[in-house]
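S.K.: how would this look folded up:
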Amino acid sequence: MKKIAQIILAVVIVALVYVIYDQISTPIKFENELKAKKAKVIDRIKDIRTAQRAFKSKYQRFTGSFDTLAAFILTDTLELERKIVDEDDSVAMAQLKKMGKKNIEKFKIAVIDTIFSPKRLSRQDVEDLRYIPTTDKQAQFIMEAGTAVASSVTVPIVECRAPYKLFLDTVAYRQEIINQIDDDINNFNRYPGVKFGSMEAANNEAGNWE
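M.R.: Residues are numbered from 1 along each chain as shown. Next comes the predicted model:
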């Protein structure tokens, strides 16, 4: 009887140790996963923002379509300017002036070859921009575009977001995610996830991680 009691006690102790360990380790594991996955999401959403800003520079609007954005990156061009001669070269500058030319020439360059520099994106990278990292292409960023009125002027606006629930493990960290969302909304007044821009007002495409 005594031996049985000792076995039961040992099992209870092991169970308690496991519960305590789980309570301590789970929040730590969650923080590590949140940090690692969030970094990857931010890296990709920055590329989306870069592409949206380039699109706006050419078309004076943003797009709410990833198909349109990908086509722009892969097939479109931007018109840029560069100096023809060194402005410190007085002889060359004099010749330009004599010909009635300004020291500027315009040229076109493929969008994909310039906007992400020094980073280089492949065609596959561009086609995958819509997918939230670490989700095996099962979840996409939510992207919207439109206009808003600021100081009586209509301006283009855009918003792109990835809520926590789309890229974090909602099974293993259900309570931790609930707590994180509550903390972000009620204590920090920020979007529970990763996003840039706003569909409510122009904000220069600010990211909530910045």
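S.K.: quick one: the helices in this protein?
M.R.: Listed in chain order, the helices of the chain (DSSP state H) span residues 2-59, 66-75, 90-98, 123-127, 164-167, 174-182.
S.K.: would you turn those helices into TSV with mean neighbour count, distance to residue 147 and mean pLDDT?
M.R.: Heads up, the C-betas are built off the backbone N, CA and C, glycines and all. Conversion of the helices of the chain to TSV gives the following (neighbours: other CB atoms under 10 Å; distance: least, CB to CB, whole Å; pLDDT from 0 to 100):
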stretch	mean neighbour count	distance to residue 147	mean pLDDT
helix 2-59	13	12	79
helix 66-75	17	16	98
helix 90-98	12	41	75
helix 123-127	14	26	97
helix 164-167	19	27	97
helix 174-182	15	30	95
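S.K.: as a markdown table, the ones you listed with distance to residue 149 would be great.
M.R.: Compiled in a markdown table, the helices of the chain are given as follows (distance: least, CB to CB, whole Å):
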| stretch | distance to residue 149 |
| --- | --- |
| helix 2-59 | 17 |
| helix 66-75 | 24 |
| helix 90-98 | 44 |
| helix 123-127 | 33 |
| helix 164-167 | 31 |
| helix 174-182 | 31 |
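S.K.: out of those, which gets nearest to residue 156?
M.R.: Distances from residue 156 to each of the helices of the chain were compared using CB to CB; the shortest belongs to helix 2-59, at 6.1 Å.
S.K.: quick one: closest of the helices of the chain to residue 157.
M.R.: Closest to residue 157 of these, according to CB to CB: helix 2-59, at 10.1 Å.
S.K.: spatially central, which residue of this protein would that be?
M.R.: For the chain, residue 45 is the residue whose C-alpha lies nearest the centre (CA atoms, centre = their mean; 1.6 Å).
S.K.: residue 31 versus that one, what's the distance?
M.R.: Taking CB to CB, to the nearest Å as the criterion, residue 45 is separated from residue 31 by 21 Å.
S.K.: ok, now residue 79?
M.R.: In this structure, residue 79 and residue 31 are separated by 46 Å, where distance is defined by CB to CB.
S.K.: what's the answer for residue 163, then?
M.R.: As for residue 163, its distance to residue 31 is 18 Å (criterion: CB to CB).
S.K.: excluding chain neighbours, what is closest to residue 161?
M.R.: For residue 161, the nearest residue in space outside its immediate sequence neighbours is residue 195; the separation is 3.4 Å by CB to CB, 6 or more residues apart in numbering.
S.K.: surely that neighbour and residue 164 touch.
M.R.: No: between residue 195 and residue 164 no contact is recorded; they are 11.0 Å apart, counting by CB atoms under 8 Å.
S.K.: for stretch 70-82, give me every contacting residue.
M.R.: When contacts are taken as CB atoms under 8 Å, 6 or more residues apart in numbering, the neighbours of stretch 70-82 outside the stretch itself are 51, 54-55, 57-58, 63, 104-112, 114-115, 121, 123, 126-127, 129-130.
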